[in-house]
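S.K.: could you work out the structure for the sequence below:
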Amino acid sequence: MRLVLASASPSRRMILEAAGVEPVTHPADVDEEAIQASLAGAPPADVVAALAAAKAEVVAPSYPSDVVVGCDSMLLLDGQLQGKPHTVEATVERWRAQAGKTAELLTGHCIIHGEQRVVETRRTTVSFAEASENDIAAYARSGEPLECAGAFTLEALGGWFIDRIEGDPSSVIGLSLPLLRRALYGFGLDASSFWTR
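M.R.: Below you'll find the predicted structure:
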């Protein structure tokens, strides 16, 4: 039995590899904007859970005997969900808006094993530093935050600009190991059975 990651995220893969798992990577092709539009007005936690579920459900039929994990992360800042900024300019604007503030990083998870599934959203509070304009510009130009929810990483250059988190650190990086462990136990599986070292 294998663990299949329905994502191209290097951060999610890194979490699993550091935890002893060599996942099968099968990025899901879903229309995230259409899903979000269909859920206009829904609670933010439901939106990220629906995105995660869509990804896992697209990939799961190809792996009927394995465990498929779909995730999606967004930052809830001032009541608005923020996804990936994609450009240097958008990253600078995001950081100007979030520097010195506290926000919630929401990570939706959908874990499927056969007919069994767990869908849950983890919330982690993130306190952003009062980063200087020069550092914001340099961080944006580095390219690192362009494809990251909330325009930041915790585990690399972005770590300079995160003053505090309250909650599950692995969830902020993109995949909650505690949630995954509990899901596996609920399926009657052991986490250690997926370890490759």
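S.K.: please count neighbours and contacts with C-alpha atoms only from this point.
M.R.: Noted.
S.K.: from the centre of this protein, point out the most distant residue.
M.R.: N134 (27.3 Å; Cα atoms, centre = their mean).
S.K.: which of the three states applies to that residue?
M.R.: Following DSSP: H, G, I helix; E, B strand; the rest coil, N134 is assigned to helix.
S.K.: the one 3 residues further on too?
M.R.: Secondary structure assignment for A137 (three-state DSSP): helix.
S.K.: and the longest helix for the chain?
M.R.: Secondary structure assigned by DSSP state H gives helix 44-59 as the longest helix of the chain.
S.K.: which parts of stretch 129-140 are buried?
M.R.: 129-131, 136-137, 139-140 (16 or more other Cα atoms under 10 Å).
S.K.: what's the closest of the residues you listed to H26?
M.R.: Ranked by distance to H26 (Cα to Cα), the buried residues of stretch 129-140 are led by A140 at 28.1 Å.
S.K.: quick one: residues contacting that closest one.
M.R.: By Cα atoms under 8 Å, 6 or more residues apart in numbering, the residues touching A140 are 88-89, 91-92, 146.
S.K.: was I right to think T107 contacts P169?
M.R.: No - in this structure T107 lies outside contact range of P169 using Cα atoms under 8 Å: 11.2 Å.
S.K.: out of these two, which sits in the more crowded spot?
M.R.: T107 (27 against 17; other Cα atoms under 10 Å).
S.K.: this completes my enquiry, with thanks.
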